[in-house]
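>>> Need a 3D model of the sequence below.
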Amino acid sequence: MLRAFKPICLLAAFVIVACTAPERPADAEEAGFASPQALLDDLYGHYAEKPAGSGVDLADNKVIETYFTPELAKLIEDDATVAAAKGDVPTLDGDPFVDAQDWEIGKIETAVGKSSDPEKTEAHVRFTNYGEAKDLKLSLVKGAKGWQIADIDWGYDKLSNIFAH
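A predicted model of the protein is given here:
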């Protein structure tokens, strides 16, 4: 009789734990970034003092849609799809977050600008890559998926411009 009781008690314990466990957000990435600084910290945490190749995986559409606005994500994804179908290299053939194909980045400095529009702001990112100073400006917007990148200005061109054919 005791043997039959143990499985029932164990099952009851699992049910109690399952019913009382705190609810977890569906997916942390889908929750988006609560602030521009949270976006920058997460994004550039993939690069600071880390080897090339450890950056953000821009071959993953879910990653692209996490960091970029839907409009810019669509441009990047569509371009990659067309290039793959042609057996060609996509227009975006480097990492837009560090303005390079290869990198050796030490300390990264980020600053979020003040804006009169609570849904938009500009962020500045400064670092050196193989000794070359880089100063990028990211246009950030707050949308349904939290804060995302609407454009990146490298000083000589913008990410959105490279897709304008």
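>>> which residues touch residue 92?
Residues in contact with residue 92 (Cβ atoms under 8 Å, 6 or more residues apart in numbering) are 58, 76, 79, 80, 159, 162, 163. For glycine as for every other residue, the C-beta is placed from the backbone atoms N, C-alpha and C.
>>> Actually, residue 80.
59, 90, 92.
>>> please redo it, this time with the cut-off set to 6 Å
Applying Cβ atoms under 6 Å, 6 or more residues apart in numbering, we find residue 80 in contact with residue 90.
>>> now swap in the one 5 residues further on and tell me
The neighbours of residue 85, taking Cβ under 6 Å, 6+ apart as the test, come to nothing; the list is empty.
>>> can you start the count at 10 instead of 1 from here on
Let's use 10 as the start, then, which means that last one is residue 94.
>>> if I look at it, how far off is residue 87?
Here the distance between residue 94 and residue 87 works out to 11 Å (Cβ to Cβ, to the nearest Å).
>>> tell me the centre residue of the protein?
Residue closest to the average C-alpha location in the chain (Cα atoms, centre = their mean): residue 76, at 3.5 Å.
>>> Roughly how far does the nearest residue to residue 102 once chain neighbours are set aside sit from residue 61?
Distances taken as Cβ to Cβ, 6 or more residues apart in numbering place residue 110 nearest to residue 102, at 7.1 Å, with adjacent residues excluded. Using Cβ to Cβ, residue 110 is found at 8 Å from residue 61.
>>> what does residue 78 give?
The gap separating residue 78 from residue 61 is 26 Å, by Cβ to Cβ.
>>> go on, residue 109?
Between residue 109 and residue 61 the computed distance is 9 Å (Cβ to Cβ).
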